[in-house]
Each structure stands twice: as structure tokens, then as C-alpha cells.
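Asker: got a sequence here, can you model it:
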Amino acid sequence: MQQAGSCDHTALIIVAYRHPMAYDDHGPSEPPSPGPGPAAGHHSHLHGHAPHHTPGHGRAGRPRHALSELLGGHSHDSADQIDDALEADSVGRRALLISLGTLGVTAAVQAIIVALSGSVALLGDTLHNVADALTAVPLLLAFTLARRPPNPRFTYGYGRAEDLAGLTVLTMIIFSSGFAAWAAIDRLAHPRPLEHLPAVAAAGLLGFLGNEIVARYRIGVGQRIGSAALVADGLHARTDGFTSLAVLLGAAGVALGWHWADPAIGLVITAAILGVLRSAARVVTARLMDAVDPALHAQATSTLLHTDGVQSVRDLRLRWIGHTLRAEADITVEATLSLRAAHDVAHAAEAHLLRHLRRLSAVTIHTSPAHHHPGPP
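Answerer: Take a look at the predicted model:
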């Protein structure tokens with residue numbers, strides 16, 4: 001076998017694929033825990049996932065946190081909304097569908113009362129519930145298409161369909177926020193009496209109860225199946241319920257003779273829809289540009305450097321395809337290694353990355369000899 005040192009312009013390319021979930025008739029199942037393998041002896045103590053503590057969540061920080069959630073501080077990134085328990089458990093996916101159906105019925109009832117009363121505050125709350133529910137469409141689409149294997153036409157699979165769905169959702173949220181803002185401003189400019197005031201108040205309470213029911217259901221199922229993502233989504237739904245309570249404030253203001261209260265609350269809820277739009281747009285545009293969290297890139301680099309035989313990382317690229325990651329790395333190894341030994345280092349680096357980077361599904365490793373100075377072709 002030819003030595004790498006005797007042919008400096010030669011590089012070794014290892015392409016390896018590994019699916020993080022094995023699918024059966026009931027959905028994906030967790031892969032077995034990695035046993036001793038190429039990366040078993042490597043320094044992996046730096047790659048643990050430390051608990052994340054968010055400052056400012058004491059009594060003084062709760063109102064600020066609630067305001068941040070209301071104005072789109074929560075994430076609509078499907079990678080944040082999916083965890084292994086949710087993806088692997090059909091109960092988790094069913095919980096998403098049931099909760100979306102509940103919010104859909106709530107919004108439909110609110111829409112009927114909007115048509116009867118002409119309340120722009122309730123219109124805004126209805127559109128807010130619809131817009132927020134729509135952000136789960138890419139997530140559900142990802143679950144549906146995840147079972148389809150790559151083929152000669154779609155060699156990377158169907159993960160990008162999630163991004164296309166995100167663009168569609170983004171367009172609908174833009175329309176919702178624009179329509180809600182126009183209705184509220186028009187009502188301020190051309191005030192008219194608000195009809196069926198008790199029904200408007202009841203619809204606002206219904207919106208709160210619908211979100212609270214969804215919140216309790218998601219949190220309960222999330223805790224039962226061990227899905228942190230579903231629990232977080234339930235807490236998000238609970239926060240949205242307080243937006244619906246704002247409709248009650250508008251109805252109370254109108255009852256007191258403040259006819260501007262209803263459109264004013266409509267503008268406040270429009271701001272909440274814009275918060276959803278801001279969060280969703282940030283995620284969708286970042287995905288279209290193949291953006292990843294810099295901390296994830298740093299973790300991957302550290303993981304490679306703590307692989308025996310890897311001297312440096314010349315290049316490392318990560319990208320999301322749907323809700324799974326792919327990695328491409330160029331690492332340097334000792335120039336005197338044989339081709340087989342360099343292959344073993346590349347394989348160990350691949351296994352190390354797959355073990356320590358959550359949602360990583362495939363890795364391409366390219367090895368180059370250290371102190372490589374290519375000559376003329």
C-alpha cells in the first residue's frame with residue numbers, strides 16, 4: 001500500500017452516512033447506545049450538554065420574559081421544536097395534530113363572532129392563533145417526509161420541503177399581520193359601535209381557554225414521553241392565551257364608553273402577530289442561507305480535535321437539511337500514516353461527530369497530510 005508521505009498530493013476522502021433513527025412500522029425508534037468503537041477512547045468530556053440556565057427568570061424577570069414571549073421571543077425553528085422523544089414517539093406527533101385541531105376549532109368559532117360583531121381586537125386574536133398554529137406546518141411536513149429515502153433525483157432526501165413550507169407560512173403570516181393592522185387603523189379612523197359585546201368577551205375567554213387546554217395537553221404528553229420540545233411548545237401556547245385575554249380588556253373598555261379600546265387592543269395584538277413573523281422570518285431566511293449556530297460549529301470543531309490522530313481542522317462546514325444536520329470536514333493527519341491508518345482516523349472522526357452532535361445524520365471527512373505543500377500539477 002502506498003504511503004501518504006511518498007505521494008504528498010494525494011488526499012483521502014471518506015464519505016459515510018448514518019441515519020440517526022431506524023424506522024419501523026410504528027415510526028422511528030432510537031438507535032442503540034454506542035458501545036466501544038473507534039471513538040471510545042477519545043477525550044469526550046468536553047462535549048457534554050450542560051444544563052442551560054437563563055438569567056432573569058426570577059420574580060423581577062418574569063414580566064420581561066412574558067413580554068418577550070408575547071412579541072415573538074420564542075423560537076419557531078423546527079430543530080428547536082423536535083427532540084428525539086417527540087420524533088420517535090407517535091404519541092408526540094398525535095399531540096401536535098390534536099392541539100392544532102383544537103386551536104383550529106377555537107379560531108373558527110372566534111371568526112364567526114368576528115363576522116357578527118365586527119371586533120377588530122377579536123379579529124387580531126383570531127389571526128394570531130391561526131398564524132401561530134401555522135408555524136407547526138413545516139414541523140408536521142418534516143415528520144411526513146422524513147420516511148422517504150433519498151433517490152437519484154433527490155439525492156439529499158426531502159428535507160428542503162420543510163423550508164419551502166416555511167416560506168408559504170411566512171407569506172400567510174405577513175398577510176395576517178397586514179390585514180389585522182389595516183382593520184385596526186381603519187376602525188380608529190372610522191369608529192362604529194361594537195355589536196354583540198358579551199359574545200366578543202366570551203370569544204376572548206374562549207381563545208384563552210383553547211390555548212390553556214392545548215398547553216396542558218402538550219405539557220402533560222411531553223412530560224409523559226420525555227419530550228422537552230413538546231413541553232416548551234405547551235408553555236408557548238400558555239403564553240399565547242394571555243393575548244386572547246387582551247380581547248376582554250378591549251370589550252371592557254368599550255362597555256365603559258371607550259370606543260377606541262377595541263381597535264387599540266387590535267393594534268396590540270397585531271404587534272404580537274409581528275412578533276411571530278419576526279421569529280419565523282429569522283428562522284426561514286437563516287435556513288435558506290444554510291446558517292447554523294456558531295456554538296454548534298465550535299462544538300463540532302472541538303469534537304474533531306479531540307479525536308486521536310487528528311492534528312488540526314482545516315475546514316468544517318455544517319448545514320441543515322430539514323431537521324437533520326450534515327457535516328463536511330477537512331482534517332490533517334500525520335503525513336507518514338499509511339492509507340489504511342488515515343482511513344481509520346477519518347472513520348474515528350466520523351463516529352466521534354455522530355456520537356456528540358445531536359441531529360447529525362451524515363458526515364463527509366477529507367484527510368490531508370500535515371505540513372502539506374502541494375507542488376505544480
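Asker: shaky segments in the stretch 201-350 of the chain?
Answerer: 227-229 (pLDDT under 70).
Asker: confirm Gly257 sits in a helix?
Answerer: No: counting by DSSP: H, G, I helix; E, B strand; the rest coil, Gly257 is not found in a helix; it is coil.
Asker: give the burial count for it, as a bare number.
Answerer: Neighbour count for Gly257, taken as other CB atoms under 10 Å: 7. C-beta here means a position set from N, CA and C on the backbone, and glycine is covered the same way.
Asker: quick one: pLDDT of Leu46?
Answerer: Leu46 is assigned 33 on the pLDDT scale.
Asker: my bad, Arg153
Answerer: 94.
Asker: now swap in His190 and tell me
Answerer: For His190, pLDDT reads 86.
Asker: neighbours of it, how many?
Answerer: 8.
Asker: distance of it relative to Gly118?
Answerer: 11 Å (CB to CB, to the nearest Å).
Asker: do a quick rundown of the strands in this protein.
Answerer: 12-17, 22-24, 27-29, 312-321, 324-333, 360-369 (DSSP state E).
Asker: adding mean neighbour count and distance to Arg153, write those out as TSV.
Answerer: Output for the strands of the chain, formatted as TSV (neighbours: other CB atoms under 10 Å; distance: least, CB to CB, whole Å):
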stretch	mean neighbour count	distance to Arg153
strand 12-17	14	18
strand 22-24	11	21
strand 27-29	16	23
strand 312-321	16	15
strand 324-333	21	18
strand 360-369	22	18
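Asker: reformat those as a markdown table; add distance to Thr155.
Answerer: Shown next, in a markdown table, are the strands of the chain (distance: least, CB to CB, whole Å):
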| stretch | distance to Thr155 |
| --- | --- |
| strand 12-17 | 11 |
| strand 22-24 | 19 |
| strand 27-29 | 21 |
| strand 312-321 | 11 |
| strand 324-333 | 12 |
| strand 360-369 | 11 |
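Asker: out of the ones you listed, flag the one nearest Thr270.
Answerer: strand 312-321 (30.8 Å; CB to CB).
Asker: name the residues that touch the closest one?
Answerer: 79, 156-157, 159-160, 287, 290, 292, 296-297, 300-301, 304-305, 325-332, 368, 370 (CB atoms under 8 Å, 6 or more residues apart in numbering).
Asker: and for stretch 152-171?
Answerer: Taking CB under 8 Å, 6+ apart as the rule, stretch 152-171 contacts 78, 134-135, 137-139, 141-142, 145-146, 148-150, 277, 280-281, 283-284, 287-288, 320-324, 326.
Asker: ok, now stretch 202-209?
Answerer: Contacts for stretch 202-209 (CB under 8 Å, 6+ apart): 106, 109-110, 113-114, 119, 121-122, 125-126, 129, 241-248, 250-251.
Asker: one more pass at 10 Å, please.
Answerer: 103, 105-107, 109-114, 116-117, 119, 121-122, 125-126, 128-129, 196, 199, 238, 240-252, 265 (CB atoms under 10 Å, 6 or more residues apart in numbering).
Asker: so where do the helices sit in the stretch 151-300 of the chain?
Answerer: For the stretch 151-300 of the chain, the helices defined by DSSP state H, counting those that start in this stretch cover 161-189, 197-225, 228-255, 261-288, 294-305.
Asker: quick check: buried residues in the first one?
Answerer: Of all the residues in helix 161-189, those buried under the rule 16 or more other CB atoms under 10 Å are 161-163, 165-166, 169-170, 172-174, 176-177, 180-181, 183-184, 187-188.
Asker: and the angle for it with helix 261-288?
Answerer: 160 degrees (axes from the mean of the first three to the mean of the last three CA atoms, to 10 degrees).
Asker: cool, the third one as well?
Answerer: Relative orientation of helix 228-255 and helix 261-288, computed by the same axes, to 10 degrees: 160 degrees.
Asker: tell me what helix 228-255 is packed against?
Answerer: helix 62-70, helix 78-81, helix 84-88, helix 90-117, helix 120-134, helix 197-225, helix 261-288 (3 or more CB pairs under 10 Å, 6 or more residues apart in numbering; DSSP states H and E).
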